[in-house]
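Asker: take this sequence and fold it.
(2 chains)
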Amino acid sequence: MATETLPQTEREELISGSEAIAIACSLADVDVITAYPIRPYDTVMQYVSKLKADGAFDCDFIVAESEHSQFEIVKHASAVGARTFCGSSGVGWFYAFEAITVTAGLRLPVVAMVGNRALDDPGAFGVEHNDAMAVRDLGWMLYWVGTAQEAFDIALLAWRIAEDPRVFLPMAISCDGSFLTHSQAIVNVPTQEQVDRFLPQYDRGRLQLHPDNPITVAPQVNEDWLMEIRRQTDDAMRRSSDVIREAYDEFKQLFGRGDDSPFIEEYMTEDADIVLVGMGTLAMPVRVAVRRMREQGKKVGFVRVKFFRPFATDEIREALSHCKAVGVIDRDYSYGSPSYGGVLFNEIRSALYTLDNRPLMQSFIAGLGGREVLVRDVEEMTSMVQDSIDSGQVKEENTWIGVRE
Amino acid sequence: MTTMTQELPQVRGVKQIPVFEGFTSGHRTCQGCESALVMRLMIKAAGPRTIVVGSTGCMYVANTTYYSTPWVVPWMHTQLGSSGSAATGTAAGLASLMRKGKMQQEPINVIAFCGDGGGVDMGLSAISAALQHDEYNLLILCYDNESYANTDIQVSGSSPWGANSTFSPPGKVHRIMNRRWKKNTVPMLAAGHPDVRYVATACGSYGPDFTNKIRRALTIGGPTFIHSIDPCPKGWDYDPKYSHELGMLAVETGIWVQYEIVDGELILNGPSRAIARGIRRRKPVTDYLQRQGRFAHLTEEDLKFFQERIDETWEKWWIPGIVPFGPHDEGE
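Answerer: Model prediction:
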């Protein structure tokens, strides 16, 4: 079994987000894992291969010859009933794009880690969110991780949610390159018994490809049936919200940790005039800045969006319906988009459109290519939002932060 | 290390080809489609305890219309360049689940097929990778109709020199638009993956030979590869009733060589063996080329050039028809 050399009591480990997910793979007894090197995600596969080499983890670990094959292999392993894991970063994720889209189309619950990385060209190793975001319309559930602990927790949740027959959709765990993939933090690692109680075996049921169940998967449907099938995937994504809540509640009970909501994390938003919004490790400097500004009497809060897909429209509406202005900090870009705003900005603005009292909306592009977003950057953005409140209008809908002119 | 394979005995003659049909009515392939026969023979040879994965191409699009699939065995689509990865993933999933006791132990055949576009062109890298995994039992079958036939007949890396296609039409200035010579795929894979125990060429015109090749590939253990030449009435432009005959002519003219490489040993089959031993003369290539509309624009000079190239493969190559390079002759 996978666990013989793992301690049987819950333990604390000083590990990176990548290592946390590798340990989650072994506790989840993943059957097939495929790797292909690209920084920064590939650290997870280094840990997985070491676990396998040391006999601590029994899985079929396949080093593919490209990201396309990497994702195709797990897709087909998943179709015969195997629990799967793979991942990529930046343009590697794009190289796999064809396989990525059919995985969702086939409703196969592959779990992937995206070590968020800037897209070539020009070359850059650092974090940007455009890689994972590119699949936002395709039926992948997308989660943005804040800490190494959360990386571990969401990995266990990911198989539980993705493999639920009500969902059967793939899920990507987005981890900011370097800040999460390479930075170590204390992570609570549960026992095998706890994990087994939380995570049932993957059962593909009547969709399993096997000689005992001779089905034809993915025939040519054309205009006769495609729309109905697309709608089924849409229904699955809609259903996923309840499954996520259910799994998250149980996770909190069993493991004794978690936020109020699986979808968003609110920080000092109750009486806030200004609420900043962002994803991933950006939360760390933003929370420091919010605390500092609160000490100065400024009513500032923060919402961290965790699930980008499914997008928690109701919860985000509720969280942002009481403030005067919202500043969205995107670690991505969307050239030529509405207001030239970031992707998250436009999604949030769209979600808030039906509110009776719509807050002012301001978009910031920051921290691209792994550039650090500093506390003073957050303070600068906040003061720009305050200016908008004071003048009653947003003069610059979109601002790139910290760009040398 | 490989797991157990099924017992699939060799057949001696057409009558021993199994009655079992795994590929039945419901497909929409063209009249005279040799690839449809290849599918039928393939699954007859493999039997019902088989998972088939098919990459995009004629044998996907024409075969598996929703609600009228001809496949009696479990079948799944894979992407154009993914036959190698699909076979690997399917075999790995089964192997892992069986080893861990999550699925009942049983040797299940895994076959992934691809056309020449999916195999010889786009999928080559994934096929090569699949052939490196000797821990998985799988067969990749490339059905080669020498063009992207499903998308309106476009030239592929496996199309013959000079063939007319919608991407290589003869024109007023350029008569020969496809100046590439057909890729020598099986020897490339055999030489490049010496641990692979079985690679072969095949042709649906020779039913028992075809059946036996599928069975050898599925029973020998590890990853295997078969490349079949499939005459295509639509792409090659001939009367559908001549598909079988054209397959035989490809072999008899020496344009296509029938052989298998088993554990490092080359065995020529049927007419190709007779040609190599000098028992039988090769027919002139015009017997083959002039039966097909795709070569109708070739001039006498072109046909002569074609014949010379085929002669060269048989007379100059180190292993006739198969290996073009040889040791440098340093004299005595």
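
Asker: tell me the gap between the helix or strand encompassing B:Ala190 and the middle of its chain.
Answerer: B:Ala190 is part of helix B:185-192, with elements assigned from DSSP states H and E. What separates the centre of helix B:185-192 from the centre of its chain is 13 Å, taken as C-alpha atoms, centre = their mean, to the nearest Å.

Asker: same question, stretch A:239-251
Answerer: 16 Å.

Asker: what residues does that stretch touch?
Answerer: Contacting residues not belonging to stretch A:239-251 are listed as A:141, A:153, A:156-157, A:160-161, A:164, A:166-167, A:169, A:198, A:258, A:262-263, A:307, A:310, A:312 [C-beta atoms under 8 Å, 6 or more residues apart in numbering or on different chains]. C-beta coordinates here come from the backbone N, C-alpha and C atoms, glycine included.

Asker: cool, stretch B:254-263 as well?
Answerer: With contacts defined as C-beta under 8 Å, 6+ apart, stretch B:254-263 is touched by B:160, B:186, B:190, B:197-203, B:206, B:209, B:213, B:216, B:220, B:229, B:250-251, B:266-273, B:275, B:282-283, B:285, B:288, B:310, B:313-314, B:321-322.

Asker: check whether the lowest-mean-pLDDT helix or strand in chain B comes into contact with chain A.
Answerer: Least confident helix or strand of chain B, by mean pLDDT, DSSP states H and E, is helix B:58-61 with a mean of 93. Yes: applying C-beta under 8 Å from any C-beta of the partner chain, one finds helix B:58-61 touching chain A at B:60-61.

Asker: sheet partners, orientation included, of the helix or strand just after that helix?
Answerer: The first helix or strand that comes after helix B:58-61 along the chain, using DSSP H and E, is strand B:75-78. Sheet pairing of strand B:75-78 (DSSP bridges) gives strand A:216-217 (parallel), strand B:50-55 (parallel).

Asker: how far does the least confident helix or strand of chain B sit from its chain's centre?
Answerer: 15 Å.

Asker: what helices or strands is it leaning on?
Answerer: helix B:34-46, strand B:109-115 (3 or more C-beta pairs under 8 Å, 6 or more residues apart in numbering or on different chains; DSSP states H and E).

Asker: list the helices and strands the longest one packs on?
Answerer: So that's helix B:34-46. strand B:50-55, helix B:58-61, strand B:109-115, strand B:138-144, helix B:207-219, helix B:243-252.

Asker: 10 Å instead?
Answerer: Counting contacts by 3 or more C-beta pairs under 10 Å, 6 or more residues apart in numbering or on different chains; DSSP states H and E, helix B:34-46 is packed against strand B:50-55, helix B:58-61, strand B:109-115, strand B:138-144, strand B:198-203, helix B:207-219, strand B:223-229, helix B:243-252.

Asker: still on that earlier bit, output the helix holding B:Ala190 as CSV, nothing but the C-alphas.
Answerer: Provided in CSV are the C-alpha atoms of helix B:185-192 (Å, rounded to 0.1, in the frame of the first residue of the first chain):
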residue,chain,number,x,y,z
THR,B,185,8.2,4.4,-40.9
VAL,B,186,8.5,0.8,-39.7
PRO,B,187,12.3,0.6,-40.1
MET,B,188,12.6,3.9,-38.4
LEU,B,189,10.6,2.7,-35.4
ALA,B,190,12.3,-0.7,-35.4
ALA,B,191,15.8,0.7,-35.5
GLY,B,192,15.0,3.5,-33.0
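
Asker: what is the orientation angle of that helix with strand B:138-144?
Answerer: 150 degrees (axes from the mean of the first three to the mean of the last three C-alpha atoms, to 10 degrees).

Asker: residues making contact with helix B:185-192?
Answerer: The contact list for helix B:185-192, computed with C-beta atoms under 10 Å, 6 or more residues apart in numbering or on different chains, reads B:116, B:119-120, B:124, B:127-128, B:131-132, B:140, B:142, B:144, B:157-158, B:184, B:196, B:198-202, B:225-227, B:257, B:259-261, B:264, B:266, B:317, B:319, B:321-325.

Asker: could you check the pLDDT of B:Thr65?
Answerer: The per-residue pLDDT reported for B:Thr65 equals 89.

Asker: same check on A:Pro200?
Answerer: So A:Pro200 comes in at 98 (pLDDT).

Asker: centroid-nearest residue for chain A?
Answerer: A:Tyr143 (1.9 Å; C-alpha atoms, centre = their mean).

Asker: partners of that residue in the sheet?
Answerer: Note on A:Tyr143: beta-bridge partners A:Ile173, A:Phe307, judged by DSSP bridges.

Asker: wait, it sits on A:Pro170?
Answerer: No: A:Tyr143 is beyond contact range of A:Pro170, at 11.7 Å (criterion: C-beta atoms under 10 Å).

Asker: and for these two, which residues touch both?
Answerer: Residues touching both A:Tyr143 and A:Pro170 (C-beta under 10 Å, 6+ apart) are A:Ala158.

Asker: the stretch 151-300 of chain A: helices as residue ranges?
Answerer: Ranges of helices in the stretch 151-300 of chain A, per DSSP state H, counting those that start in this stretch, are A:192-198, A:222-255, A:283-295.

Asker: for B:Asn164, which of the ones you listed is the nearest?
Answerer: B:Asn164 lies closest to helix A:222-255 among the helices of the stretch 151-300 of chain A, at 29.1 Å (C-beta to C-beta).

Asker: give me the distance from that closest one to the chain's centre.
Answerer: Put simply, helix A:222-255 sits 16 Å off its chain's centre (C-alpha atoms, centre = their mean).

Asker: may I see the buried residues of it?
Answerer: Buried residues in helix A:222-255, counting neighbours by 16 or more other C-beta atoms under 10 Å in any protein chain shown, are found at A:233, A:236-237, A:239-241, A:243-244, A:247-248, A:251, A:255.

Asker: pLDDT added to those, as a markdown table?
Answerer: What follows is these, written out as a markdown table (pLDDT from 0 to 100):
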| residue | pLDDT |
| --- | --- |
| A:Thr233 | 98 |
| A:Ala236 | 98 |
| A:Met237 | 98 |
| A:Arg239 | 98 |
| A:Ser240 | 98 |
| A:Ser241 | 98 |
| A:Val243 | 98 |
| A:Ile244 | 98 |
| A:Ala247 | 98 |
| A:Tyr248 | 98 |
| A:Phe251 | 97 |
| A:Phe255 | 93 |
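
Asker: out of the residues you listed, the closest to A:Lys298 would be?
Answerer: A:Tyr248 (32.0 Å).

Asker: ok, now how distant is that closest one from chain B?
Answerer: 26 Å (C-beta to the nearest C-beta, to the nearest Å).

Asker: so which bits of the least confident helix or strand of chain B are buried?
Answerer: B:58-61.

Asker: ok, now which ones touch B:Leu131?
Answerer: By C-beta under 10 Å, 6+ apart, B:Leu131 lies in contact with B:84, B:87-88, B:138, B:140, B:189-190, B:192-193, B:195-196, B:199, B:222-225.

Asker: got any ranges where the chain has weak pLDDT?
Answerer: Answering for chain A, as no chain was given. Across chain A, the ranges flagged by pLDDT under 70 are A:1-9.

Asker: nope, chain B
Answerer: For chain B, the ranges with pLDDT under 70 are B:1-2, B:332.

Asker: hang on, isn't B:Lys100 packed against A:Tyr202?
Answerer: No: under the criterion of C-beta under 10 Å, B:Lys100 makes no contact with A:Tyr202, lying 11.8 Å away.

Asker: pick out whichever of those two has more residues nearby.
Answerer: A count of neighbours by other C-beta atoms under 10 Å in any protein chain shown puts A:Tyr202 above the other of B:Lys100 and A:Tyr202, at 24 against 16.
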